[in-house]
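>>> Here you go, sequence then predicted model.
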Amino acid sequence: MTTRDYATIDLSVDRTGEAMESINKEVWMLAEISNEESESAKVHMRELEAAGFTITSVGTSGRPTAFIAEWEQGEGGARIGFLPEYDALPDLGNAASGEQVAAPNGKTSGHGCGHNLLGAACTGAAIALKFTMEMEGIPGLVRVYGCAAEETSGAKVYMVRDGYFDDIDVCIAWHPQTYAGTGYVSTSAMSDVVVEFHGKTAHAGGSPWEGRSALDALELFMHGINLMREHVPTSVRMHYVIQAGGSAPNIVPDYTRLYMYLRDKDRAGVEALTTWARALAEGAAMGTQTRAEFHVPYGMSETINNTPLVENCYKHMMEVGAPQWTEAEQAFARDCQRNFGVPEEGMATDVRPISPPSVQGGSSDLGDVSWCVPLIWFWYPSVPQGVSMHTWPVTACGGMSIGSKAVDGAAKIMARMGYDLMTDAELRAAARADFIERRGDVKYISPLDNVS
Ligand SMILES: [Zn+2]
(Lines give C-alpha, C1' and ligand atoms only; values in the text may rest on other atoms or scores of the structure.)
Protein backbone atom coordinates (compact mmCIF):
# COMPACT_ATOMS: atom_id res chain seq x y z
CA MET A 1 0.00 0.00 0.00
CA THR A 2 1.29 3.42 -0.89
CA THR A 3 1.85 6.05 1.76
CA ARG A 4 -1.20 8.22 2.03
CA ASP A 5 -1.84 11.71 3.20
CA TYR A 6 -4.88 11.93 5.46
CA ALA A 7 -4.73 15.70 5.96
CA THR A 8 -7.57 16.33 3.47
CA ILE A 9 -9.87 13.74 4.99
CA ASP A 10 -9.15 14.99 8.52
CA LEU A 11 -9.92 18.54 7.38
CA SER A 12 -13.15 17.32 5.82
CA VAL A 13 -14.16 15.87 9.19
CA ASP A 14 -13.37 19.23 10.80
CA ARG A 15 -15.51 20.91 8.12
CA THR A 16 -18.34 18.53 9.09
CA GLY A 17 -17.97 19.38 12.78
CA GLU A 18 -20.94 21.73 12.94
CA ALA A 19 -23.29 19.20 11.31
CA MET A 20 -22.07 16.45 13.62
CA GLU A 21 -22.52 18.60 16.70
CA SER A 22 -26.08 19.48 15.62
CA ILE A 23 -26.97 15.82 15.18
CA ASN A 24 -25.27 14.83 18.43
CA LYS A 25 -26.94 17.52 20.55
CA GLU A 26 -30.39 17.43 18.96
CA VAL A 27 -30.65 13.65 19.09
CA TRP A 28 -29.44 13.68 22.72
CA MET A 29 -32.18 16.19 23.61
CA LEU A 30 -34.88 14.28 21.70
CA ALA A 31 -33.96 10.98 23.43
CA GLU A 32 -36.53 9.05 21.41
CA ILE A 33 -36.80 5.32 22.16
CA SER A 34 -36.79 2.48 19.63
CA ASN A 35 -39.31 2.70 16.80
CA GLU A 36 -40.34 6.18 17.96
CA GLU A 37 -37.16 7.96 16.85
CA SER A 38 -38.77 9.74 13.91
CA GLU A 39 -37.56 13.27 14.76
CA SER A 40 -34.03 11.95 15.35
CA ALA A 41 -34.09 10.27 11.92
CA LYS A 42 -35.20 13.60 10.43
CA VAL A 43 -32.21 15.38 12.01
CA HIS A 44 -29.87 12.93 10.26
CA MET A 45 -31.72 13.25 6.95
CA ARG A 46 -31.71 17.05 7.19
CA GLU A 47 -27.92 17.20 7.60
CA LEU A 48 -27.34 14.59 4.89
CA GLU A 49 -29.52 16.47 2.41
CA ALA A 50 -27.81 19.75 3.30
CA ALA A 51 -24.50 18.07 2.47
CA GLY A 52 -25.73 16.92 -0.94
CA PHE A 53 -26.96 13.38 -0.21
CA THR A 54 -30.22 12.08 -1.66
CA ILE A 55 -32.73 10.36 0.60
CA THR A 56 -33.57 7.23 -1.38
CA SER A 57 -35.79 5.50 1.16
CA VAL A 58 -37.80 6.42 4.25
CA GLY A 59 -39.49 3.81 6.40
CA THR A 60 -37.12 1.28 4.82
CA SER A 61 -38.12 -2.40 5.08
CA GLY A 62 -41.36 -1.39 6.75
CA ARG A 63 -39.51 0.12 9.72
CA PRO A 64 -41.02 3.58 10.19
CA THR A 65 -37.90 5.28 11.58
CA ALA A 66 -35.35 3.73 9.21
CA PHE A 67 -34.03 5.50 6.10
CA ILE A 68 -31.35 5.34 3.43
CA ALA A 69 -29.38 8.27 2.01
CA GLU A 70 -26.70 8.14 -0.65
CA TRP A 71 -24.37 10.13 -2.81
CA GLU A 72 -22.42 8.98 -5.84
CA GLN A 73 -20.08 10.36 -8.45
CA GLY A 74 -18.26 8.89 -11.45
CA GLU A 75 -18.38 5.30 -12.57
CA GLY A 76 -16.77 2.08 -11.45
CA GLY A 77 -15.94 3.34 -7.97
CA ALA A 78 -16.24 1.54 -4.66
CA ARG A 79 -19.41 1.44 -2.59
CA ILE A 80 -19.06 2.07 1.13
CA GLY A 81 -21.83 2.03 3.78
CA PHE A 82 -22.10 3.80 7.14
CA LEU A 83 -24.44 2.66 9.91
CA PRO A 84 -25.78 5.44 12.20
CA GLU A 85 -28.14 4.48 15.04
CA TYR A 86 -30.17 7.04 17.00
CA ASP A 87 -32.54 5.40 19.48
CA ALA A 88 -32.47 6.09 23.23
CA LEU A 89 -33.41 3.90 26.21
CA PRO A 90 -36.32 4.24 28.67
CA ASP A 91 -35.60 5.42 32.23
CA LEU A 92 -32.03 6.55 31.49
CA GLY A 93 -32.74 10.25 31.09
CA ASN A 94 -30.14 12.38 32.88
CA ALA A 95 -28.77 15.89 32.88
CA ALA A 96 -25.24 16.43 31.53
CA SER A 97 -24.08 16.22 35.13
CA GLY A 98 -21.71 14.09 37.17
CA GLU A 99 -24.56 12.89 39.32
CA GLN A 100 -27.83 11.09 38.69
CA VAL A 101 -30.33 13.92 38.21
CA ALA A 102 -33.28 14.34 35.87
CA ALA A 103 -32.75 15.94 32.47
CA PRO A 104 -33.70 19.65 32.50
CA ASN A 105 -36.32 19.06 29.79
CA GLY A 106 -37.94 16.36 31.95
CA LYS A 107 -37.27 13.56 29.46
CA THR A 108 -37.22 10.23 31.31
CA SER A 109 -35.63 8.42 28.37
CA GLY A 110 -31.98 9.02 27.63
CA HIS A 111 -29.03 8.05 25.48
CA GLY A 112 -27.66 5.48 27.90
CA CYS A 113 -26.02 3.62 25.01
CA GLY A 114 -24.61 6.76 23.37
CA HIS A 115 -26.43 6.38 20.06
CA ASN A 116 -26.58 10.17 19.72
CA LEU A 117 -22.78 10.00 19.42
CA LEU A 118 -22.72 6.81 17.38
CA GLY A 119 -25.11 8.28 14.83
CA ALA A 120 -23.50 11.72 14.64
CA ALA A 121 -20.05 10.27 13.93
CA CYS A 122 -21.28 7.74 11.32
CA THR A 123 -23.29 10.32 9.39
CA GLY A 124 -20.47 12.86 9.81
CA ALA A 125 -17.85 10.44 8.48
CA ALA A 126 -20.03 9.75 5.44
CA ILE A 127 -20.38 13.48 4.74
CA ALA A 128 -16.64 14.07 5.23
CA LEU A 129 -15.81 11.22 2.87
CA LYS A 130 -18.11 12.74 0.25
CA PHE A 131 -16.43 16.16 0.60
CA THR A 132 -13.01 14.58 0.10
CA MET A 133 -14.12 12.51 -2.89
CA GLU A 134 -15.44 15.69 -4.52
CA MET A 135 -12.19 17.55 -3.90
CA GLU A 136 -10.03 14.71 -5.21
CA GLY A 137 -12.38 13.49 -7.97
CA ILE A 138 -12.64 9.96 -6.55
CA PRO A 139 -15.47 7.91 -8.09
CA GLY A 140 -17.71 5.93 -5.77
CA LEU A 141 -20.88 5.67 -3.75
CA VAL A 142 -21.36 6.57 -0.09
CA ARG A 143 -24.51 5.15 1.45
CA VAL A 144 -25.88 5.93 4.91
CA TYR A 145 -28.27 3.41 6.46
CA GLY A 146 -30.53 4.96 9.07
CA CYS A 147 -30.38 2.03 11.47
CA ALA A 148 -33.57 2.40 13.48
CA ALA A 149 -34.46 0.67 16.73
CA GLU A 150 -31.09 -0.94 17.51
CA GLU A 151 -32.09 -1.37 21.14
CA THR A 152 -35.08 -3.56 20.34
CA SER A 153 -35.95 -4.96 16.93
CA GLY A 154 -33.03 -3.45 15.01
CA ALA A 155 -33.82 -2.45 11.46
CA LYS A 156 -30.56 -3.77 10.01
CA VAL A 157 -31.83 -7.36 10.13
CA TYR A 158 -34.82 -6.34 7.98
CA MET A 159 -32.67 -4.30 5.58
CA VAL A 160 -30.28 -7.27 5.19
CA ARG A 161 -33.23 -9.57 4.47
CA ASP A 162 -34.51 -7.15 1.84
CA GLY A 163 -31.19 -6.94 0.01
CA TYR A 164 -30.23 -3.33 0.82
CA PHE A 165 -26.63 -4.37 1.56
CA ASP A 166 -26.12 -6.65 -1.44
CA ASP A 167 -24.33 -4.08 -3.63
CA ILE A 168 -21.97 -2.67 -0.96
CA ASP A 169 -18.22 -3.40 -0.70
CA VAL A 170 -17.67 -2.67 3.00
CA CYS A 171 -19.71 -1.29 5.92
CA ILE A 172 -18.18 0.84 8.69
CA ALA A 173 -19.49 1.39 12.22
CA TRP A 174 -18.38 2.08 15.79
CA HIS A 175 -19.84 2.08 19.26
CA PRO A 176 -19.22 4.31 22.29
CA GLN A 177 -17.39 2.47 25.08
CA THR A 178 -15.04 3.04 27.99
CA TYR A 179 -11.96 2.62 25.78
CA ALA A 180 -10.52 2.84 22.27
CA GLY A 181 -10.03 -0.52 20.62
CA THR A 182 -10.89 -2.93 17.85
CA GLY A 183 -10.32 -6.59 17.17
CA TYR A 184 -11.94 -9.96 16.94
CA VAL A 185 -14.83 -9.71 19.36
CA SER A 186 -18.06 -11.19 18.09
CA THR A 187 -21.50 -10.32 19.44
CA SER A 188 -23.86 -13.14 20.41
CA ALA A 189 -26.66 -14.42 18.24
CA MET A 190 -30.02 -14.07 19.93
CA SER A 191 -33.75 -14.62 19.68
CA ASP A 192 -36.58 -12.67 21.28
CA VAL A 193 -39.06 -15.08 22.82
CA VAL A 194 -42.52 -14.24 24.16
CA VAL A 195 -44.34 -16.97 26.10
CA GLU A 196 -48.01 -16.57 27.01
CA PHE A 197 -50.08 -18.91 29.17
CA HIS A 198 -53.86 -19.03 29.17
CA GLY A 199 -55.67 -20.54 32.17
CA LYS A 200 -59.08 -20.21 33.78
CA THR A 201 -60.05 -17.63 36.37
CA ALA A 202 -61.75 -18.53 39.65
CA HIS A 203 -62.15 -17.23 43.22
CA ALA A 204 -58.77 -18.10 44.71
CA GLY A 205 -60.25 -18.50 48.21
CA GLY A 206 -63.77 -19.71 47.53
CA SER A 207 -63.39 -22.20 44.67
CA PRO A 208 -59.78 -22.46 43.50
CA TRP A 209 -60.40 -25.99 42.17
CA GLU A 210 -62.51 -24.42 39.43
CA GLY A 211 -59.56 -22.39 38.14
CA ARG A 212 -56.34 -23.23 36.29
CA SER A 213 -53.52 -20.81 37.00
CA ALA A 214 -51.58 -19.30 34.13
CA LEU A 215 -49.11 -18.12 36.78
CA ASP A 216 -48.44 -21.74 37.85
CA ALA A 217 -47.56 -22.47 34.23
CA LEU A 218 -45.27 -19.45 34.07
CA GLU A 219 -43.50 -20.45 37.29
CA LEU A 220 -43.01 -23.99 36.03
CA PHE A 221 -41.63 -22.67 32.74
CA MET A 222 -39.17 -20.36 34.53
CA HIS A 223 -38.09 -23.21 36.80
CA GLY A 224 -37.40 -25.31 33.72
CA ILE A 225 -35.34 -22.52 32.14
CA ASN A 226 -33.31 -22.20 35.33
CA LEU A 227 -32.69 -25.97 35.46
CA MET A 228 -31.53 -25.80 31.83
CA ARG A 229 -28.68 -23.50 32.85
CA GLU A 230 -26.61 -26.39 34.22
CA HIS A 231 -26.65 -28.12 30.85
CA VAL A 232 -25.94 -25.37 28.34
CA PRO A 233 -22.53 -24.04 27.20
CA THR A 234 -21.04 -21.08 29.06
CA SER A 235 -21.62 -18.96 25.93
CA VAL A 236 -25.38 -19.12 26.55
CA ARG A 237 -27.33 -16.25 28.10
CA MET A 238 -31.01 -16.56 29.07
CA HIS A 239 -32.73 -13.64 30.72
CA TYR A 240 -36.34 -12.68 31.13
CA VAL A 241 -38.92 -10.34 32.63
CA ILE A 242 -42.52 -11.07 33.60
CA GLN A 243 -44.76 -8.72 31.68
CA ALA A 244 -48.05 -10.06 33.02
CA GLY A 245 -48.28 -12.11 36.19
CA GLY A 246 -51.90 -11.75 37.29
CA SER A 247 -53.65 -8.84 38.97
CA ALA A 248 -54.88 -9.78 42.45
CA PRO A 249 -54.13 -12.63 44.86
CA ASN A 250 -57.78 -13.55 45.21
CA ILE A 251 -58.23 -14.18 41.50
CA VAL A 252 -56.65 -17.24 39.90
CA PRO A 253 -54.72 -15.63 36.99
CA ASP A 254 -56.01 -16.70 33.59
CA TYR A 255 -53.26 -14.91 31.65
CA THR A 256 -49.49 -14.49 32.10
CA ARG A 257 -46.72 -13.36 29.75
CA LEU A 258 -42.95 -13.62 29.90
CA TYR A 259 -40.48 -11.85 27.60
CA MET A 260 -37.09 -13.50 27.23
CA TYR A 261 -33.84 -13.26 25.28
CA LEU A 262 -32.01 -16.44 24.35
CA ARG A 263 -28.40 -15.92 23.29
CA ASP A 264 -25.45 -18.04 22.24
CA LYS A 265 -22.25 -17.69 20.26
CA ASP A 266 -23.96 -18.58 17.00
CA ARG A 267 -27.35 -18.88 15.33
CA ALA A 268 -27.36 -22.70 15.48
CA GLY A 269 -26.92 -22.55 19.27
CA VAL A 270 -29.81 -20.11 19.61
CA GLU A 271 -32.09 -22.24 17.45
CA ALA A 272 -31.33 -25.28 19.69
CA LEU A 273 -32.11 -23.25 22.83
CA THR A 274 -35.34 -22.03 21.28
CA THR A 275 -36.47 -25.60 20.52
CA TRP A 276 -35.77 -26.61 24.13
CA ALA A 277 -37.60 -23.59 25.56
CA ARG A 278 -40.59 -24.28 23.32
CA ALA A 279 -40.79 -27.83 24.71
CA LEU A 280 -40.61 -26.44 28.26
CA ALA A 281 -43.55 -24.11 27.56
CA GLU A 282 -45.61 -26.97 26.21
CA GLY A 283 -44.67 -29.16 29.19
CA ALA A 284 -45.53 -26.41 31.67
CA ALA A 285 -48.92 -25.94 30.04
CA MET A 286 -49.61 -29.68 30.05
CA GLY A 287 -48.72 -30.01 33.72
CA THR A 288 -50.96 -27.16 34.80
CA GLN A 289 -53.86 -27.80 32.41
CA THR A 290 -53.35 -24.44 30.76
CA ARG A 291 -52.48 -23.49 27.21
CA ALA A 292 -49.14 -22.04 26.00
CA GLU A 293 -48.40 -19.71 23.12
CA PHE A 294 -44.74 -19.47 22.16
CA HIS A 295 -43.64 -16.64 19.88
CA VAL A 296 -40.25 -15.77 18.40
CA PRO A 297 -40.82 -12.27 16.97
CA TYR A 298 -37.20 -11.30 16.25
CA GLY A 299 -33.59 -12.42 16.27
CA MET A 300 -30.04 -11.38 15.41
CA SER A 301 -26.96 -13.22 14.19
CA GLU A 302 -23.44 -13.27 15.58
CA THR A 303 -20.80 -11.04 13.96
CA ILE A 304 -18.08 -12.12 11.57
CA ASN A 305 -14.83 -10.17 11.94
CA ASN A 306 -12.43 -9.22 9.18
CA THR A 307 -8.63 -9.22 9.47
CA PRO A 308 -7.65 -6.65 6.79
CA LEU A 309 -10.32 -4.26 8.08
CA VAL A 310 -9.34 -4.70 11.74
CA GLU A 311 -5.71 -3.98 10.84
CA ASN A 312 -6.67 -0.91 8.82
CA CYS A 313 -8.89 0.34 11.64
CA TYR A 314 -6.18 -0.21 14.25
CA LYS A 315 -3.65 1.73 12.17
CA HIS A 316 -5.95 4.74 11.99
CA MET A 317 -6.95 4.47 15.64
CA MET A 318 -3.29 4.59 16.64
CA GLU A 319 -2.73 7.65 14.44
CA VAL A 320 -5.84 9.52 15.59
CA GLY A 321 -5.37 8.33 19.19
CA ALA A 322 -7.83 8.50 22.05
CA PRO A 323 -9.32 11.96 22.70
CA GLN A 324 -7.21 14.52 24.56
CA TRP A 325 -9.30 15.12 27.67
CA THR A 326 -9.12 18.37 29.60
CA GLU A 327 -8.73 18.33 33.38
CA ALA A 328 -12.37 19.48 33.65
CA GLU A 329 -13.52 16.50 31.57
CA GLN A 330 -11.47 14.08 33.67
CA ALA A 331 -12.97 15.63 36.82
CA PHE A 332 -16.48 15.21 35.34
CA ALA A 333 -15.71 11.54 34.61
CA ARG A 334 -14.42 11.01 38.17
CA ASP A 335 -17.61 12.60 39.55
CA CYS A 336 -19.65 10.11 37.51
CA GLN A 337 -17.49 7.24 38.76
CA ARG A 338 -17.74 8.27 42.41
CA ASN A 339 -21.52 8.65 42.19
CA PHE A 340 -21.83 5.42 40.25
CA GLY A 341 -19.71 3.53 42.76
CA VAL A 342 -16.69 2.51 40.69
CA PRO A 343 -12.99 3.51 41.06
CA GLU A 344 -12.29 7.13 40.11
CA GLU A 345 -10.02 6.37 37.15
CA GLY A 346 -11.34 9.02 34.77
CA MET A 347 -11.53 8.61 31.00
CA ALA A 348 -9.28 6.20 29.06
CA THR A 349 -6.35 7.95 27.37
CA ASP A 350 -4.77 5.22 25.26
CA VAL A 351 -5.65 2.72 22.53
CA ARG A 352 -5.89 -0.93 23.53
CA PRO A 353 -4.01 -3.59 21.53
CA ILE A 354 -6.10 -5.51 18.98
CA SER A 355 -8.36 -7.75 21.05
CA PRO A 356 -8.12 -11.54 20.50
CA PRO A 357 -11.12 -13.62 19.39
CA SER A 358 -13.92 -13.73 21.95
CA VAL A 359 -17.71 -13.63 22.12
CA GLN A 360 -19.44 -10.93 24.11
CA GLY A 361 -22.74 -11.66 25.85
CA GLY A 362 -24.57 -8.78 24.20
CA SER A 363 -25.96 -8.81 20.67
CA SER A 364 -26.16 -6.34 17.81
CA ASP A 365 -27.93 -6.23 14.50
CA LEU A 366 -24.49 -5.46 13.05
CA GLY A 367 -24.16 -9.25 13.14
CA ASP A 368 -26.58 -9.73 10.29
CA VAL A 369 -24.84 -7.04 8.22
CA SER A 370 -21.53 -8.90 8.74
CA TRP A 371 -22.98 -12.03 7.10
CA CYS A 372 -23.81 -10.00 4.00
CA VAL A 373 -20.88 -7.64 3.53
CA PRO A 374 -17.37 -7.21 5.04
CA LEU A 375 -17.90 -5.14 8.20
CA ILE A 376 -15.59 -3.20 10.49
CA TRP A 377 -16.65 -1.78 13.86
CA PHE A 378 -14.68 -0.49 16.78
CA TRP A 379 -15.01 1.12 20.21
CA TYR A 380 -14.08 4.63 21.15
CA PRO A 381 -14.32 6.24 24.59
CA SER A 382 -17.23 8.43 25.65
CA VAL A 383 -17.87 6.59 28.93
CA PRO A 384 -15.81 6.77 32.16
CA GLN A 385 -13.77 3.63 32.82
CA GLY A 386 -15.54 0.97 34.88
CA VAL A 387 -19.03 2.29 34.03
CA SER A 388 -21.23 -0.18 32.15
CA MET A 389 -23.32 0.75 29.14
CA HIS A 390 -27.07 1.34 29.58
CA THR A 391 -26.55 3.49 32.68
CA TRP A 392 -27.08 7.17 33.53
CA PRO A 393 -23.37 8.25 33.29
CA VAL A 394 -23.40 7.21 29.60
CA THR A 395 -26.29 9.63 29.05
CA ALA A 396 -24.56 12.33 31.11
CA CYS A 397 -21.17 12.16 29.33
CA GLY A 398 -22.88 11.92 25.93
CA GLY A 399 -24.52 15.28 26.56
CA MET A 400 -21.32 17.31 27.13
CA SER A 401 -17.86 17.81 25.64
CA ILE A 402 -16.69 14.25 26.41
CA GLY A 403 -19.29 13.02 23.95
CA SER A 404 -18.41 15.65 21.33
CA LYS A 405 -14.73 14.66 21.44
CA ALA A 406 -15.64 10.99 21.01
CA VAL A 407 -17.72 11.91 17.95
CA ASP A 408 -14.84 13.84 16.40
CA GLY A 409 -12.26 11.07 16.91
CA ALA A 410 -14.56 8.25 15.85
CA ALA A 411 -15.57 10.18 12.72
CA LYS A 412 -11.91 10.72 11.79
CA ILE A 413 -11.14 7.00 12.13
CA MET A 414 -14.18 6.05 10.05
CA ALA A 415 -13.62 8.71 7.39
CA ARG A 416 -9.98 7.61 7.00
CA MET A 417 -11.06 3.98 6.62
CA GLY A 418 -13.66 5.07 4.08
CA TYR A 419 -10.99 6.99 2.17
CA ASP A 420 -8.65 3.98 2.10
CA LEU A 421 -11.44 1.68 0.97
CA MET A 422 -12.55 4.09 -1.76
CA THR A 423 -9.05 4.43 -3.17
CA ASP A 424 -7.41 1.06 -2.50
CA ALA A 425 -8.79 -1.82 -4.58
CA GLU A 426 -6.31 -4.22 -2.99
CA LEU A 427 -7.67 -3.51 0.48
CA ARG A 428 -11.22 -4.06 -0.75
CA ALA A 429 -10.23 -7.34 -2.40
CA ALA A 430 -8.43 -8.51 0.75
CA ALA A 431 -11.46 -7.65 2.89
CA ARG A 432 -13.74 -9.54 0.50
CA ALA A 433 -11.46 -12.61 0.46
CA ASP A 434 -11.27 -12.71 4.27
CA PHE A 435 -15.04 -12.32 4.47
CA ILE A 436 -15.62 -15.26 2.12
CA GLU A 437 -13.12 -17.43 4.00
CA ARG A 438 -14.56 -16.68 7.45
CA ARG A 439 -18.13 -17.18 6.32
CA GLY A 440 -17.09 -20.58 4.99
CA ASP A 441 -19.83 -23.03 4.11
CA VAL A 442 -22.32 -21.69 6.64
CA LYS A 443 -25.36 -20.42 4.79
CA TYR A 444 -26.81 -17.28 6.29
CA ILE A 445 -30.42 -17.78 7.31
CA SER A 446 -32.21 -14.61 8.36
CA PRO A 447 -33.51 -14.86 11.94
CA LEU A 448 -36.68 -13.37 10.47
CA ASP A 449 -37.25 -16.54 8.44
CA ASN A 450 -37.94 -18.42 11.70
CA VAL A 451 -40.21 -15.92 13.42
CA SER A 452 -43.46 -17.26 14.83
ZN1 LIG B 1 -25.75 0.59 21.61
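Sure, I can see it.
>>> so where do the strands sit in this structure?
54-58, 67-73, 78-82, 140-146, 170-177, 183-187, 189-198, 237-244, 255-264, 291-300, 355-360, 375-381 (DSSP state E).
>>> can you list the ones you listed in a markdown table and add mean neighbour count and distance to residue 41?
Any C-beta I mention is one placed from the backbone N, CA and C, and that applies to glycine too. Shown next, in a markdown table, are the strands of the chain (neighbours: other C-beta atoms under 10 Å; distance: least, C-beta to C-beta, whole Å):
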| stretch | mean neighbour count | distance to residue 41 |
| --- | --- | --- |
| strand 54-58 | 14 | 8 |
| strand 67-73 | 20 | 6 |
| strand 78-82 | 24 | 15 |
| strand 140-146 | 25 | 5 |
| strand 170-177 | 24 | 17 |
| strand 183-187 | 18 | 24 |
| strand 189-198 | 23 | 23 |
| strand 237-244 | 14 | 28 |
| strand 255-264 | 21 | 25 |
| strand 291-300 | 19 | 20 |
| strand 355-360 | 12 | 27 |
| strand 375-381 | 26 | 21 |
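>>> Take these and write them to CSV, including mean pLDDT and distance to residue 328.
Listed next are these as CSV, based on pLDDT from 0 to 100; distance: least, C-beta to C-beta, whole Å:
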stretch, mean pLDDT, distance to residue 328
strand 54-58, 98, 39
strand 67-73, 98, 36
strand 78-82, 98, 31
strand 140-146, 98, 33
strand 170-177, 98, 20
strand 183-187, 96, 31
strand 189-198, 97, 40
strand 237-244, 98, 38
strand 255-264, 98, 39
strand 291-300, 97, 39
strand 355-360, 96, 30
strand 375-381, 98, 16
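>>> so how many other residues sit close to residue 333?
28 (other C-beta atoms under 10 Å).
>>> Name the nearest residue to it, ignoring sequence neighbours.
residue 384 (3.9 Å; C-beta to C-beta, 6 or more residues apart in numbering).
>>> The one you found contacts residue 394, correct?
No. Using C-beta atoms under 8 Å, residue 384 is not in contact with residue 394; the gap is 9.0 Å.
>>> Of all the strands of the chain, which one is nearest residue 334?
strand 375-381 (14.3 Å; C-beta to C-beta).
>>> and the angle for that closest one with strand 183-187?
100 degrees (axes from the mean of the first three to the mean of the last three C-alpha atoms, to 10 degrees).
>>> residues in contact with strand 375-381?
Applying C-beta atoms under 8 Å, 6 or more residues apart in numbering, the contact partners of strand 375-381 are 170-182, 303-304, 306, 309-310, 312-313, 317, 322-323, 347-348, 366, 369, 406, 409-410, 413, 417.
>>> how close does the residue lying closest to residue 239 once chain neighbours are set aside get to residue 187?
Nearest non-adjacent residue to residue 239, counting by C-beta to C-beta, 6+ apart: residue 261, 5.6 Å away. Look at residue 261 and residue 187: by C-beta to C-beta, to the nearest Å, they are 13 Å apart.
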